[in-house]
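Peer 1: A structural model of the following input is requested.
(chains A and B)
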Amino acid sequence: MSKKSMQLDVANDKKQSGLRKFWRSKEREGGVTKSETGIAGFDQMLEGGLPRGRATLISAGPGCGKTVLLNEFLYRGATEHDEPGIFVTFEERPEDILLNLRNFNWDIDTLITRGDLTFLDGSPPETGEICCGSAEWLEPILAQIEHLVDSTGAKRLAIDNLGTVFLRYQAGQTEVSMRNQLVRFANGIRRLGLTTMISTERTDSQASLSRYGVSEFVTDGLIELSIHAGSVSEIRTMRVRKLRGCGFRSGEVGFEIDADGLKVFPKILVDSSFGETDFEQRETFGIAALDKALSGGIPRGHIMLVTGNTGTGKSTLGLHYCKEGLDQGQGVVWVALEEPVGQVLKTAQAHQWDLSSSVESGQLMFVTASLLEVNSDKLLYDVIDAVEAIDAKRIVVDSVSSLESATMSQENVREFMMQLAGYAKTLKITMILNYLTGESFVADKGQLLGATTTNAMRLSSIVDGIILLRYVERDQTVHKLLNILKLRGSPHEKGIMRFEINEYGFVLGHQFRD
Amino acid sequence: MPEKTQNILKLYVVGQTLISMKAIQNAQGICQNELDGWQLDIIDVLEKPNLALQDKVMATPALVKAEPPPARRVVGDLSNRELVLLGLGFLADSR
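Peer 2: Reported below is the predicted structural model:
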């Protein structure tokens, strides 16, 4: 590793302490090392990057984004890691690729001028090409790549797409000879020491290496890209199938392509080694009676579920928690899935709380999502980005149940919550999750809990505490009740308390007697 | 006949493999017997990869006619004489 890139690594580590540490899988001395690609989220999925000096196969159908992935791999290498790259294209002409790349916020032309990005044009000649008898492609291509490596000092290589080469020059040859060629090609690349991405079409295509049953074990890594039709937009996913000698995050991982390139949203590992909770440190609501009932507030780093029917005051309680955090100088992230941000600000205004100025000063940050098409992986990263942007200590999610009513299944929501909870705990962020339960309206006498302990309880193992908000109809009036069902590792008020919401917010009263 | 040797056919090969030797032999035969005033340059890609880059040669053996236009190329061991002439655009001319 050069001195410059080592400094870069140190700088990156500093920039992203915390989570970064357990995003990297262990590298052992003398074993395969990883090369950070620089693509957002991609390295986390790969637990550090691609195997250095080796070839990884990118298998994808048309329109899955493999050309963008390959190009960003080279772009990030040249701009962020001091690793010039070579792009070998067997399909599109370099001019056409450039035309597409200029739509991104990347200064590709400067890279080319500086010699940090070089195209090797292997696209079919316009005038055509006649094949007559057997031909050899491997040696000449490797010789030209080697020549370019010598003249540019390239460290990265992208080949798009190798399957078409087989189609062009080896159609009709036996599977064994194809296999040998691919083995020799992978060995040739390894000899040149280039960290390489090779693209190939998905199985059903003629230009697919997978047809020969070789790609899986010949290359050192295999990543599959897919695209599924969603009800509003396309949903892109990728999956690491293999990364020889290296650890990686398994499972299907969502990604998006925008003007900055790819954004990959790998699952966040739920780290079981959270530090012990210091029950001395509490986050308060600023509602004296409630904080007292909680023995001083929510223990720092805990996750509190606030559940109740519509209109019981979940959002108001969340606003209290948010306002109190802001007053203490903490950063707060509000995940607004229930109401538009403007509505939340207005509600706060009604209680004389000016949240707008906190938004302007960057102490409060809202995260929103279109509930028509929630991408849970993206939402998770939006929250993480917001938390890191303002160094938040509190998160309010209003509400988790609206995720369920959107496109996410209950299992999805549970997985999302587990990841968010794991993240929050690692950074000792104290989080409030609002959860709407429909069954708690007008509880009968003697059935105060009854059906309320249903859906929300599925989240019980994830959360550390549960506050239940309810209505009860007595003497021609609807009373509002609050009780604390759970507060892990801490004593708490067991009684059912009446409360009201007035212009000052939450007012907690005496114990309810039926 | 200096004016007649201005036209150049380039034959790209890799090393001295069996295929290379066969293609060189075939190309020389075609130049001598079928074409008048064409010079055959034999280029080893391993020695001059930059020339292969310029001519965008992705597979060898490759017989390349760059000038005069139109540019044409035939890839393979060049064993089928008629196909080679057709591929280079000579057969159509002679008809």
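Peer 1: Three-state assignment for residue A:333, please.
Peer 2: Classification of residue A:333 by DSSP: H, G, I helix; E, B strand; the rest coil places it in strand.
Peer 1: what's the closest non-adjacent residue to the residue in the stretch 301-450 of chain A positioned nearest to chain B?
Peer 2: For the stretch 301-450 of chain A, the residue closest to chain B is residue A:377, as judged by CB to the nearest CB, at 39.1 Å. C-betas here are computed from N, CA, C, even on glycine. In space, and not counting its chain neighbours, residue A:377 is closest to residue A:265: 3.4 Å by CB to CB, 6 or more residues apart in numbering or on different chains.
Peer 1: so how far is stretch A:61-80 off the chain centroid?
Peer 2: 18 Å (CA atoms, centre = their mean, to the nearest Å).
Peer 1: buried sites along that stretch?
Peer 2: A:61, A:64-79 (16 or more other CB atoms under 10 Å in any protein chain shown).
Peer 1: is stretch B:52-64 anywhere near chain A?
Peer 2: Yes. Using CB under 8 Å from any CB of the partner chain, stretch B:52-64 reaches chain A at B:52-53, B:56-62.
Peer 1: for the spatially most central residue of chain B, phi and psi?
Peer 2: For chain B, residue B:63 is the residue whose C-alpha lies nearest the centre (CA atoms, centre = their mean; 2.7 Å). When read as degrees, to the nearest 10, the backbone of residue B:63 gives phi -100, psi 120.
Peer 1: what's the answer for the one 10 residues further on, then?
Peer 2: As for residue B:73, its main-chain torsions (degrees, to the nearest 10) stand at phi -150, psi 150.
Peer 1: list the contacts for it?
Peer 2: A:125, A:127, A:129-130, B:57, B:62-65, B:87-88 (CB atoms under 8 Å, 6 or more residues apart in numbering or on different chains).
Peer 1: now do the end-to-end distance for stretch A:95-109.
Peer 2: End-to-end distance of stretch A:95-109 (CA to CA, to the nearest Å): 11 Å.
Peer 1: which residues does it contact?
Peer 2: Stretch A:95-109 has contacts (CB under 8 Å, 6+ apart) with A:67-68, A:71-72, A:75, A:79, A:87, A:89, A:117, A:119, A:259-261.
Peer 1: interface residues of chain B facing chain A?
Peer 2: Proximity of chain B to chain A is confined to B:12, B:14-15, B:17, B:19, B:45-46, B:49-50, B:52-53, B:56-62, B:70-80, B:83-84, B:86-87 under the rule CB under 8 Å from any CB.
Peer 1: okay, buried residues for stretch A:486-505 please.
Peer 2: Neighbour-count burial for stretch A:486-505, counted by 16+ other CB under 10 Å, picks out A:486-487, A:490, A:492-493, A:496-499, A:505.
Peer 1: what is the burial count for the closest residue in space to residue A:498 that isn't next to it in sequence?
Peer 2: Nearest residue to residue A:498 in three dimensions, chain neighbours excluded: residue A:509, at 4.3 Å (CB to CB, 6+ apart). By the criterion of other CB atoms under 10 Å in any protein chain shown, residue A:509 has 14 neighbours.
Peer 1: likewise for residue A:239?
Peer 2: Residue A:239 is flanked by 17 other residues according to other CB under 10 Å.
Peer 1: that one in helix, strand or coil?
Peer 2: strand.
Peer 1: that one and residue A:252 touch, don't they?
Peer 2: Yes. At 5.1 Å, residue A:239 and residue A:252 qualify as touching, with contact defined as CB atoms under 8 Å.
Peer 1: tell me the residues that contact both of those two, please.
Peer 2: Common neighbours of residue A:239 and residue A:252 (criterion: CB under 8 Å, 6+ apart): residue A:226.
Peer 1: what number of residues lie near residue A:411?
Peer 2: Counted with other CB under 10 Å, residue A:411 comes out at 9.
Peer 1: which phi and psi values does it adopt?
Peer 2: Residue A:411 adopts backbone torsions of phi -70, psi -40, taken as degrees, to the nearest 10.
Peer 1: got a pLDDT number for it?
Peer 2: Reported pLDDT at residue A:411 in the predicted model: 73.
Peer 1: what about stretch A:333-341, how long is it end to end?
Peer 2: The straight-line separation of the ends of stretch A:333-341 (CA to CA) is 12 Å.
Peer 1: now do the buried residues in that stretch.
Peer 2: Neighbour-count burial for stretch A:333-341, counted by 16+ other CB under 10 Å, picks out A:333-339.
Peer 1: want to throw those into a markdown table with distance to residue A:152 and pLDDT?
Peer 2: Below are those laid out as a markdown table (distance: CB to CB, whole Å; pLDDT from 0 to 100):
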| residue | distance to residue A:152 | pLDDT |
| --- | --- | --- |
| A:333 | 44 | 96 |
| A:334 | 49 | 96 |
| A:335 | 46 | 95 |
| A:336 | 49 | 93 |
| A:337 | 49 | 89 |
| A:338 | 54 | 85 |
| A:339 | 55 | 87 |
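Peer 1: distance to residue A:96 added to those, as CSV?
Peer 2: What follows is the buried residues of stretch A:333-341, written out as CSV (distance: CB to CB, whole Å):
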residue, distance to residue A:96
A:333, 42
A:334, 45
A:335, 42
A:336, 42
A:337, 42
A:338, 46
A:339, 46
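Peer 1: got the residues of the stretch 151-300 of chain A near chain B?
Peer 2: Residues of the stretch 151-300 of chain A lying near chain B (CB under 8 Å from any CB): A:165, A:168-169.
Peer 1: quick one on the thing from earlier: state the distance from the residue nearest to residue A:498 to residue A:290.
Peer 2: 11 Å (CB to CB, to the nearest Å).
Peer 1: where along chain B do the helices fall?
Peer 2: B:18-33, B:49-54, B:81-88, B:90-94 (DSSP state H).
Peer 1: chain center to the third one, what's the gap?
Peer 2: Spelled out, that is helix B:81-88. Averaging C-alpha positions (CA atoms, centre = their mean) puts helix B:81-88 10 Å from its chain's average.
Peer 1: same question for stretch A:220-233.
Peer 2: Distance, stretch centre to chain centre, for stretch A:220-233: 15 Å (CA atoms, centre = their mean).
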